[in-house]
Structure formats: C-alpha cells, structure tokens
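Q: 3D model of this:
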Amino acid sequence: MTSAIRDLRKLWSPANAAEPQERDNATWRGQVAQTEAEALRWRGRPIDLILFGDSIVHGWTQPKMGRVAWAESLQEHAIALGVPGDETQHMLARIHRGVLKGLEPKTILLVVGANHVLRPNAADEFVSGVTAVHEAVRHDLPTVSMRLLLVPHGWALDVIDSFAAEADRLPIPLVYPRAAFVDARTGAVQRGLLRDDIHPTPEGYSRLTHAVSSAVGIPTRSKPLQSIWYRATDDVARIFARINRPK
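A: So this is what the prediction gives:
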C-alpha cells in the first residue's frame, strides 16, 4: 500500500458500508433514475444476467469503453444497472428504492470494490457491505444466483487483492480475473487494460466480458484483443531504440 493511500485514509470518514444511504446530489439521482427506467423495461421478462454496481458496470455500455464487448457478447443476455461512484451503501439505497423488484434474472453480478479502497478498514468494510447487499438482493429475489466481480486496480492493486483474500468470508462466489490483467513478471497491471488505473479500456472490458461470460455460462463471440496495439507500439519503440543506439 502506498503512503498516499495511507494519508488519504486518515482523512476519510465514509458512511457505514452496510447501511443504505442515498447520495445527496442531482447527478446521482439522475443516474439512478436512468437505471430504474432501464429496469422497468425488463419487469416481468426473463433475462440471463443483471450487472449491478458502480462506474465499471456503467462503462460496459459506453462508447470507447466496453460497448464493443457488450454488443458482441452480453447485449442479448444482460442489462447493466451501474451508477458511477457507488459503494455498497448506495447500492443498498437503490435496492430499497425497488430497482430490482419484478425482475426475473437467472444471475446477478455485483460489481463493487473500486470505491472502497480508501476506507480505513477496507477489507472488513468491503465484506460487511457485500454481505448486506447480498441479503437485500435475496429479500427481493430469493432464488437468484449471484456472483461478485472484482476488477484489478492499478494504483491500489494490493487493496483489491486483500478484498479477494476475503473470499471465504463472502456470501457470494467471487470472480476475480487477476491473471488476465496482471503481468506475472512485474506484478503490475499490463499496459493498455486500464485507462486511468481504475476503469478498463476496450480491451480490458473484452477480458472482463470473457471472465464474466465463463463464470455465468454465457457464450462469447469474440476473443480478447491480446494487446495487439500495445505490442505493436512496443515493437516500434524497440526498432527506434536500435536505430538510435550509439555506435
């Protein structure tokens, strides 16, 4: 953990991760209203998968982010109910507002964690928050299958790893595609997979989509891009380095 994260945690006084709390701003209310409208369209209709969570869910359907992977593999099977910045207490508030009522998914994938990394007792609060969300979902959808997705984080990878290490304490099976993102030699997230150390690039979303599809049994139509662009630019850089090498 970096000293910057430690310093920020000293200043951070977050709300209880296991108690519903709405965010007091118009942007959040507008984004919540959009997800509620999307959910309303699907009431009474069977759906394979609901992705429910934060900005990573929101980005799955956005251009220059996850839209290509979404269109190729998930669009016919899933709906995305993501609100940027949400933590578990905000997800609980959305559930209490009724966003999931009347829906008929086979599986719900919770996507949460990126916004919990600065909490002073991050791992414990992550577990308590996820447990509370699990119980709230079960209240509305008693028989639904559930999974929890963690996404590797560039500048706080060790914190996300600590969340994954709590898998035995979580009430939901964990999907953590660490090997698809992290270079085994350097221990860092590979270049080209996260655009700001948090949110996936199109290729990052492609890899997430494969992990999710495999976990919940949805067929995929494309393969991850395998960093074609970044391998190409690395090759060009090596060529120029040889050309400019001192004789």
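Q: where exactly do the helices run in this protein?
A: 3-11, 26-41, 55-59, 67-69, 88-96, 122-140, 157-164, 178-181, 202-216, 228-243 (DSSP state H).
Q: of the ones you listed, which approaches residue 150 most closely?
A: When the helices of the chain are ranked by distance to residue 150, counting by C-beta to C-beta, first place goes to helix 157-164 at 5.6 Å. All C-beta atoms are positioned from the backbone trio N, CA, C, and that covers glycine.
Q: distance between that closest one and the chain's centre?
A: Chain-centre distance of helix 157-164: 13 Å, with C-alpha atoms, centre = their mean, to the nearest Å.
Q: For that helix, give the mean pLDDT please.
A: Averaging pLDDT along helix 157-164 gives 96.
Q: can you offset everything so residue one is 56?
A: Happy to do that; since the first residue is 56 now, the last one works out to helix 212-219.
Q: which strands and helices sit next to that helix?
A: For helix 212-219, the packing partners by 3 or more C-beta pairs under 8 Å, 6 or more residues apart in numbering; DSSP states H and E come out as helix 177-195.
Q: which secondary structure elements does the helix it packs on contact?
A: If you count contacts as 3+ C-beta pairs under 8 Å, 6+ apart, helix 177-195 packs onto helix 143-151, strand 159-166, strand 200-204, helix 212-219.
Q: Contacts only, for residue 260.
A: Contact partners of residue 260, counting by C-beta atoms under 8 Å, 6 or more residues apart in numbering, are 114, 115, 120, 121, 123, 124, 125.
Q: Scan the residues you listed and report the most crowded one.
A: Using other C-beta atoms under 10 Å as the neighbour criterion, residue 124 leads the contacts of residue 260 with 29 neighbours.
Q: I'd like the helices of the chain as TSV, with distance to residue 249 appended.
A: Converted to TSV, the helices of the chain look like this (distance: least, C-beta to C-beta, whole Å):
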stretch	distance to residue 249
helix 58-66	17
helix 81-96	22
helix 110-114	10
helix 122-124	15
helix 143-151	22
helix 177-195	19
helix 212-219	10
helix 233-236	8
helix 257-271	6
helix 283-298	12
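Q: mind checking how far residue 93 is from residue 200?
A: To residue 200, residue 93 is 21 Å away according to C-beta to C-beta, to the nearest Å.
Q: what's the answer for residue 103, then?
A: Distance from residue 103 to residue 200, by C-beta to C-beta: 10 Å.
Q: Mutual contacts of these two, please.
A: Listed as contacting both residue 103 and residue 200 by C-beta under 8 Å, 6+ apart are 161, 162, 271.
Q: My read is that the last one contacts residue 202, right?
A: If I follow you right, that is residue 271. Yes - applying C-beta atoms under 8 Å, one finds residue 271 in contact with residue 202, separated by 6.4 Å.
Q: shared neighbours of the two, which are they?
A: Here residue 271 and residue 202 share the contacting residues 162, 164, scored by C-beta under 8 Å, 6+ apart.
Q: about what we covered before: could you save the contacts of residue 260 as CSV and add columns showing pLDDT and distance to residue 245?
A: Formatted as CSV, the contacts of residue 260 follow (pLDDT from 0 to 100; distance: C-beta to C-beta, whole Å):
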residue, pLDDT, distance to residue 245
114, 98, 18
115, 98, 20
120, 97, 18
121, 97, 17
123, 96, 19
124, 96, 17
125, 96, 21
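Q: Of those residues, just say which sits nearest to residue 168.
A: residue 114 (14.6 Å).
Q: Could you report the distance from the closest residue to the closest one other than its chain neighbours to residue 112?
A: Ranked by C-beta to C-beta, 6 or more residues apart in numbering and with sequence neighbours excluded, the top spatial neighbour of residue 114 is residue 120, at 4.1 Å. With distances taken as C-beta to C-beta, residue 120 is found 11 Å from residue 112.
Q: what's the answer for residue 160, then?
A: Per C-beta to C-beta, residue 160 is found 14 Å from residue 112.
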